[in-house]
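Q: coords please:
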Amino acid sequence: MVYMDDREELTNILLNNNGDDILSCADKILELVPELIVCNKCEHEHRAHKYNVYIHILHVVAGIDSDLTLKLAALFHDIGKPYVKKKVNEKVRYWGHEEVSGIISNLVLNRLGYDESIINDTCTLIKIHDKKIKPTINDIKLVVDSIGKMNFERLLKLQTSDISAHANEYAEIIIPKLDKIKEVYINNKF
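A: Numbers count the residues shown, from 1 in each chain. Predicted coordinates for the structure are as follows:
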């Protein structure tokens, strides 16, 4: 069963609520995508984070421009965290959440009836959203060759918004590294 009305409403919310306006739609999004409810009850328990998983997700969405694929990737990028959360040596870990997030996202996006190309690109971005990219031509080329230029540019935007929705002290360290990757990418032909 395809929930086209829900898809249209979710798309409308994502594309027409810019910046922090998306936070006012938090309850409606949970209604449309109940798979996210568990994220609202999942605390990060890590100094690099300042919000629970769901509020973090909404802040990441808020930092994305009106590109539907990118907004969907932001909405679902951490949906798998509650399912893999565990403590290891007194630290909370989310190993493998990217893969689980991709699987859940694929199911939800198919249920909602999104186009196959949007689903594929969204899930690709989700599965690699935490990929550490070195600011070298070779490393960037490997990623660009793997996912294409458009998705590479989307990935950088997703990573920037994701890091910006972390604790300020953490973001201040990581954002300059992402800026360096962008600089190398812009100044070279891929």
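Q: pretty sure residue 66 contacts residue 18?
A: Yes. Counting by Cβ atoms under 8 Å, residue 66 does reach residue 18; the two are 7.3 Å apart. All C-beta atoms are positioned from the backbone trio N, CA, C, and that covers glycine.
Q: which strands or helices does the helix or strand of the chain with the lowest mean pLDDT pack on?
A: In the chain, the helix or strand scored least confidently by mean pLDDT, DSSP states H and E is strand 91-93, which has a mean of 85. When contacts are defined as 3 or more Cβ pairs under 8 Å, 6 or more residues apart in numbering; DSSP states H and E, strand 91-93 packs onto strand 86-88.
Q: for the strand it packs on, what is the distance to the chain centroid?
A: Remark: strand 86-88 is offset 22 Å from the chain centroid, using Cα atoms, centre = their mean, to the nearest Å.
Q: C-terminal to the least confident helix or strand of the chain, what's the next element?
A: Using DSSP states H and E, the helix or strand that directly follows strand 91-93 along the chain is helix 97-112.
Q: and that following helix, how far out from the chain middle?
A: Averaged over its C-alpha atoms, helix 97-112 has a centre that lies 12 Å from its chain's centre (Cα atoms, centre = their mean).
Q: okay, buried residues for it please.
A: Across helix 97-112, burial judged by 16 or more other Cβ atoms under 10 Å covers 97-98, 100-106, 108-109, 112.
Q: next secondary structure element downstream of it?
A: As assigned by DSSP H and E, the chain's next helix or strand after helix 97-112 is helix 116-127.
Q: thank you kindly, that will do.
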